[in-house]
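A.B. asks: Compute the structure for the input listed below.
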Amino acid sequence: MTYNTTATTEIEEQTYKPIPTTKSEMINAINELSNICCRVKAPTPWQASAVHMQIGKLRSLAENWTE
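C.D. replies: Numbering: from 1, shown residues only. Presented below is the predicted three-dimensional model:
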């Protein structure tokens, strides 16, 4: 399996960022994750689809979240 080391490093860097505490911070964090995932090659198309579906659910929850 081939990994995109740049994207892997970006994902690791995300773990050290503070936890989002506002709606806009959550949406920004989800968008960053989505952008990274677009550059990572998933082992199978259905796995990539599943990840993007879960990101979509997270984005929807964040957008509907009230502070």
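
A.B. asks: what pLDDT does Ser24 get?
C.D. replies: At Ser24, the pLDDT value in this model is 90.

A.B. asks: Geometric centre of the protein: which residue is closest?
C.D. replies: In the chain, the C-alpha nearest the mean C-alpha coordinate belongs to Leu33, at 2.4 Å (C-alpha atoms, centre = their mean).

A.B. asks: Just after whichever helix or strand that residue is part of, pick out the following helix or strand.
C.D. replies: Leu33 belongs to helix 23-39 when assigned by DSSP states H and E. Going down the chain from helix 23-39, the next helix or strand is helix 45-64, by DSSP H and E.

A.B. asks: CA atoms of that following helix as CSV?
C.D. replies: Taking Å, rounded to 0.1, in the frame of the first residue of the first chain, the C-alpha atoms of helix 45-64 are listed here in CSV:
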residue,chain,number,x,y,z
PRO,A,45,-13.3,3.3,-3.6
TRP,A,46,-15.9,2.2,-1.1
GLN,A,47,-13.6,3.1,1.8
ALA,A,48,-13.0,6.5,0.3
SER,A,49,-16.8,7.0,-0.2
ALA,A,50,-17.4,5.9,3.4
VAL,A,51,-14.9,8.5,4.8
HIS,A,52,-16.4,11.3,2.7
MET,A,53,-19.9,10.3,3.8
GLN,A,54,-18.9,10.5,7.5
ILE,A,55,-17.2,13.8,6.9
GLY,A,56,-20.5,15.0,5.4
LYS,A,57,-22.4,13.9,8.4
LEU,A,58,-19.9,15.7,10.7
ARG,A,59,-20.2,18.9,8.6
SER,A,60,-24.0,18.7,8.8
LEU,A,61,-23.9,18.3,12.6
ALA,A,62,-21.5,21.2,12.9
GLU,A,63,-23.6,23.5,10.7
ASN,A,64,-26.7,22.7,12.7
